[in-house]
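1. One predicted model, sequence on top.
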Amino acid sequence: THNKAMPSRKKAQGKARKAAKAEKAEEEGKKQSAVGANNEQQALGAQIQRLQLQDLFSEHDDDTTGDDCLHGHTLLPEDDVAHQFMKSFMGHYYDAVNADGKLGPDKFHSAIKATDEDLGIQTTENEVRMDWVLSFLYGLGAQFILDDSESRARMHAEIACFFELLKCATFGTEPPEFFETQIADIHTLVSFYRKKIPCSCLDEKYEEVKSVSKVGLCRNLNCSLPGHLVKRSKMLYCTACGTTNYCSRDCQVEDWKRHKKTCNMKKHLAKHGVHPIKK
């Protein structure tokens with residue numbers, strides 16, 4: 001009887017091991033699915049943004065009505081270098097932003113470098129192409145405003161400011177106004193795009209938002225105001241560099257020890273390339 005029971009016990013142990021392996025494999029599968037879902041979610045966000053880009057890049061169909069304004073942007077053939085530059089740049093920029101959820105000049109410079117490597121040329125050294133790139137960003141940003149996508153309009157305003165600074169540094173063009181795009185109020189944002197586009201598409205929106213107080217950022221890291229935000233009309237500016245602003249004299253005095261390390265550099269930038277929006 002004992003000898004007959006052994007095979008049954010071995011079979012039971014074998015089944016138990018198989019079941020354990022199956023359970024472990026299922027758990028691993030769930031983990032991989034969770035990771036995959038997270039990656040897919042991030043990829044989807046980037047893909048949605050790319051699709052919106054493609055909508056603007058695409059040639060209009062023959063039955064397109066005159067109501068589809070591109071806000072001063074001129075469409076180019078898909079094989080045009082400027083067209084290829086913008087598609088490549090925006091793809092790299094979106095990927096960099098999606099990686100950590102933050103905007104900033106590092107994303108801009110890395111996207112420029114990656115795009116130059118993709119195309120094998122430095123497209124930003126051609127002023128006509130730069131103008132086309134800027135018209136694309138102004139047009140896209142204006143459309144985001146009309147679509148009530150304020151966060152995307154804000155991001156593209158930041159990119160446009162970077163390209164304006166690059167154009168100024170490369171070709172000696174008129175220094176651009178520079179504002180705090182990441183905290184820009186809707187009044188400032190609409191005003192920025194409205195000045196950049198030749199059409200009147202943002203006039204109605206401007207009438208809606210012009211009563212909103214324009215705000216700026218107090219540069220004192222210890223400022224007690226919520227978000228360090230203050231009405232721009234009440235701001236004080238460093239009289240030396242003219243680019244660093246504060247909510248009060250007290251904040252300016254408190255921040256001087258830190259600010260004096262960069263004041264001269266900012267004064268140079270203000271003279272040669274950066275003018276903050278002060279009103």
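-> Ah, there it is.
2. Could you report the pLDDT at residue 4?
-> Model confidence at residue 4, expressed as pLDDT, equals 43.
3. Okay, now the unreliable bits of the stretch 151-279 of the chain?
-> Applying pLDDT under 70 to the stretch 151-279 of the chain flags residues 175, 177-179, 181-182, 269-279.
4. could you pull out the strands for it?
-> With DSSP state E, counting those that start in this stretch applied, the stretch 151-279 of the chain shows strands at 177-178, 215-217, 229-231, 236-237, 245-246, 275-276, listed in chain order.
5. The fifth one packs against which elements?
-> Contact partners of strand 245-246 among helices and strands, from 3 or more CB pairs under 8 Å, 6 or more residues apart in numbering; DSSP states H and E: strand 236-237. All C-beta spots, glycine's among them, are computed from the backbone N, C-alpha and C.
6. quick one: strands adjacent to the strand it packs on?
-> Under the criterion DSSP bridges, strand 236-237 sits next to strand 245-246 (antiparallel) in its sheet.
7. which outside residues touch the strand it pairs with?
-> Here strand 245-246 makes contact (CB atoms under 8 Å, 6 or more residues apart in numbering) with 216-220, 223, 235-238, 252, 255, 276.
8. hmm, which two among these are most spread apart?
-> The two members of the contacts of strand 245-246 with the most space between them (CB to CB) are 223 and 276, at 17.3 Å.
9. circling back: is it possible to export the contacts of strand 245-246 to JSON lines including distance to residue 82?
-> Rendered in JSON lines, the data for the contacts of strand 245-246 read as follows (distance: CB to CB, whole Å):
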{"residue": "216", "distance to residue 82": "34"}
{"residue": "217", "distance to residue 82": "34"}
{"residue": "218", "distance to residue 82": "39"}
{"residue": "219", "distance to residue 82": "37"}
{"residue": "220", "distance to residue 82": "42"}
{"residue": "223", "distance to residue 82": "42"}
{"residue": "235", "distance to residue 82": "38"}
{"residue": "236", "distance to residue 82": "42"}
{"residue": "237", "distance to residue 82": "37"}
{"residue": "238", "distance to residue 82": "39"}
{"residue": "252", "distance to residue 82": "44"}
{"residue": "255", "distance to residue 82": "42"}
{"residue": "276", "distance to residue 82": "29"}
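10. What subset of those is buried?
-> A residue is treated as buried here by neighbour count (16 or more other CB atoms under 10 Å); on that basis the buried members of the contacts of strand 245-246 are 216-220, 223, 235-238, 252, 255, 276.
11. and stretch 156-175, which residues are buried?
-> Of the residues in stretch 156-175, those buried by neighbour count under the rule 16+ other CB under 10 Å are 156-168, 175.
12. Next: stretch 110-130.
-> For stretch 110-130, the neighbour count (16+ other CB under 10 Å) marks 111-112, 114-116, 123-124, 126, 129-130 as buried.
13. Okay then, goodbye and thanks.
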